[in-house]
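Trainee: give me a 3D structure for the following:
(4 chains)
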2 protein chains.
Amino acid sequence: MPTASETTAIPRYTIKNVSKKTGILPVTIRAWERRYEFLSPHRSENRYRMYSDSDVALLMWIKNRVDQGVSISTAINELHTLQNNGFIPEIKQEYQSAYPKPTGIPPAEYAARLYRAFKKSNEIEAAEIFAEARAAFTLPALLANVLIPTLTQIGEAWYRGEIDVAIEHFASKFIIGKLMHIFQTLPLRAKREFIIIGCAPDEFHEIGSLMLAILLRSQGYRIDYLGADIPLDDLVDFVESEKPAMVILSVTMQGAAKYVEIASQKIAALKKAPLFGYGGAIFISQPKLRLQVKGTYLGDSINSAVETIEKLFPGK
Amino acid sequence: MPTASETTAIPRYTIKNVSKKTGILPVTIRAWERRYEFLSPHRSENRYRMYSDSDVALLMWIKNRVDQGVSISTAINELHTLQNNGFIPEIKQEYQSAYPKPTGIPPAEYAARLYRAFKKSNEIEAAEIFAEARAAFTLPALLANVLIPTLTQIGEAWYRGEIDVAIEHFASKFIIGKLMHIFQTLPLRAKREFIIIGCAPDEFHEIGSLMLAILLRSQGYRIDYLGADIPLDDLVDFVESEKPAMVILSVTMQGAAKYVEIASQKIAALKKAPLFGYGGAIFISQPKLRLQVKGTYLGDSINSAVETIEKLFPGK
DNA sequence: CTATGATTATACAAAGATTATACATTATTC
DNA sequence: GAATAATGTATAATCTTTGTATAATCATAG
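Mentor: Below is the predicted model of the structure:
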């Protein structure tokens, strides 16, 4: 269920289509690009210009101004001034199908392209590829088959010393931003149980928890995502006052396992105690640690976590 | 940071547009300028006169007087006298639809409403208020007058023990998500210098760096935002290979100041070394620490940081 | 191979802007 | 009433902007 601002960045119109939509001749559109650097449409393999919905929206805005008698150069200047203040033109979306539009390109191909874009720290390209993948796949497929493989590739390349850790940071910041936006713009139906999710202070782990939060919210659960670094007592207070049906914590590191253990006990001690779920790398590599924790182990992957939780709260 | 009165001073109309708006022939407007020094419109590169909304308002005022039978020379004298007494003609802004739509509600009111929504952990409400504020203010105003005050309120309420730290987390996760999305969707024109921004591993500080990243990107700088926890050597490697014009680091805690100190030295030692800027709470409370750092202190606030950087890279 | 459409580069004409000078009306002043 | 000043408009010469045209290539599908 892609939201407006994600699908609108997909390059999908040739210059002729844009011309039809806007009533501006192709030669004129090219002249504006050449003379005023107005729009930098994505170029497909054959060097053809491919415009996105937001490009079209910008063109329409400009056309309106010109129709009102403003010269093209001033109109473009105005637009730049507005954009510096964060202005984003209203986008008329022709077909905002709520369903994925398969492109025929396999997810692994998107993962590879994303990886290459990150390797070059090319944010523009990464954003384009992401938008395309977002539109082509369902949410679980996007996470499991595009983003996680991309992150895995990056992690491995870093381990082999092929890429700088700064690239890894750049990529995870980028993906966290996209995930947070998806999380925030998912429809809040709150039809199902209320779950609080927290995680360890670590980027890769924040990504995992966010993905879980997204998948659960998209299933209709009411999710509060708290991120990392919550002191135990405060977490317990929060749980006591908010009364969720479940609390989920996930950690990667050895030390944090102790934190999970204590949290599980404190939460179990509450009256009307919520369920407690946990997961994370450390519990995969050292399964014995699970014995200390009072709660449900969510499994070794995000998908297994979702499945486990769905079993805990059956019925829809 | 354009305010209402500043946007009306932006030169945006050619003489022909002004003529259409006012009904005064271009040749007449020029004669008035030549003979009575009435209006000194900004001249663009090509020496064309560019008039602002307030210029148009002044012309309309004059036209009214002339239509009432007053001669042009006396009308202009009248206007000058009035202006010396602080008179400002009413400005009719035609295209405000494209500009932020002021709701009349002051930013502080939005901050208070956001704070209340967070206190109830009501994400739906927070999202609605945020969207409204986003549409009502320019980007710099949104950050400085809505979001920062909200975060300050939350921080203070937490300090007084009035709210749970989980609320603070909820709020900062929410705001970070919104900020990341704004950052990622700002148009990437990359006309200006390339700057790399990193920050300390702390939520409130991540928010500050993200805000700086947003404001600089909206000013046309090319910004790579790396977030927190970058090992020093990797940062230096990245800087060496990417060759930015500037590197910015910001930290809050005592220990991290040492990190900044060493980073500044390592970066200064590079050939073709970029500028180094830094800031953060620790340098405000302990100004002596600045002496150890080879680079530019960016000042005590986000706005001063933007100003300092704009001074380092003048011209647009 | 051909038709269609995209790409770049160059060209050109129409519209608009600039300055300077000129000129016909109106007001004002003596 | 005549001389003078004020004021809107016109003209000419020059330069810039801007939409459109043309030509030579390249891409793709039938």
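Trainee: next secondary structure after the host helix or strand of A:Ala213?
Mentor: Element membership of A:Ala213, judged by DSSP states H and E, is helix A:203-218. Counting by DSSP H and E, the next helix or strand C-terminal to helix A:203-218 is strand A:222-228.
Trainee: and that following strand, C-alpha only, in PDB?
Mentor: Presented in PDB, the C-alpha positions along strand A:222-228 are these (Å, rounded to 0.1, in the frame of the first residue of the first chain):
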ATOM      1  CA  ARG A 222      -1.800  -0.900  17.400                       C
ATOM      2  CA  ILE A 223       1.900  -0.400  17.800                       C
ATOM      3  CA  ASP A 224       3.900   2.100  19.900                       C
ATOM      4  CA  TYR A 225       7.500   2.100  18.800                       C
ATOM      5  CA  LEU A 226       9.900   3.400  21.400                       C
ATOM      6  CA  GLY A 227      13.300   2.800  19.900                       C
ATOM      7  CA  ALA A 228      16.300   2.300  22.000                       C
END
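Trainee: what pairs with it, parallel or antiparallel?
Mentor: strand A:194-199 (parallel) (DSSP bridges).
Trainee: and the partner strand, how far from the chain's centre?
Mentor: Averaging C-alpha positions (Cα atoms, centre = their mean, to the nearest Å) puts strand A:194-199 18 Å from its chain's average.
Trainee: name the residues of it that come out as buried.
Mentor: For strand A:194-199, a neighbour-count test (16 or more other Cβ atoms under 10 Å in any protein chain shown) marks A:Ile195, A:Ile196, A:Ile197, A:Gly198, A:Cys199 as buried. Where C-beta positions appear, they are placed from N, C-alpha and C, glycine not excepted.
Trainee: angle of the helix holding A:Ala213 against strand A:222-228?
Mentor: 170 degrees (axes from the mean of the first three to the mean of the last three Cα atoms, to 10 degrees).
Trainee: and the helix or strand where A:Ile154 lies, what does it pack onto?
Mentor: In this assignment (DSSP H and E), A:Ile154 forms part of helix A:148-159. Packing contacts for helix A:148-159, counted by 3 or more Cβ pairs under 8 Å, 6 or more residues apart in numbering or on different chains; DSSP states H and E, involve helix A:107-119, helix A:165-185, helix A:203-218.
Trainee: in a markdown table, list the ones you listed along with mean pLDDT and mean neighbour count.
Mentor: Below are the helices and strands packed on helix A:148-159 laid out as a markdown table (pLDDT from 0 to 100; neighbours: other Cβ atoms under 10 Å in any protein chain shown):
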| stretch | mean pLDDT | mean neighbour count |
| --- | --- | --- |
| helix A:107-119 | 91 | 19 |
| helix A:165-185 | 89 | 22 |
| helix A:203-218 | 86 | 23 |
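Trainee: picking up where we left off before, contacts for the helix holding A:Ala213?
Mentor: With contact meaning Cβ atoms under 8 Å, 6 or more residues apart in numbering or on different chains, helix A:203-218 is reached by A:1, A:139-140, A:143, A:147-148, A:151, A:155, A:169, A:172-173, A:175-176, A:179-180, A:182-183, A:186, A:188, A:195, A:197-199, A:223, A:225, A:227-228, A:248, A:250-252, A:280-281, A:302, A:305-306, A:309, B:227, B:229.
Trainee: and for stretch A:174-191?
Mentor: Counting by Cβ under 8 Å, 6+ apart, A:1, A:3, A:5-6, A:118, A:123, A:126, A:130, A:134, A:139, A:147, A:150-151, A:203, A:206-207, A:210-211, A:213-214, A:217-218, A:220, A:222-223, A:225, B:123-124, B:127, B:173-174, B:176-178, B:180-181, B:183-184 sit against stretch A:174-191.
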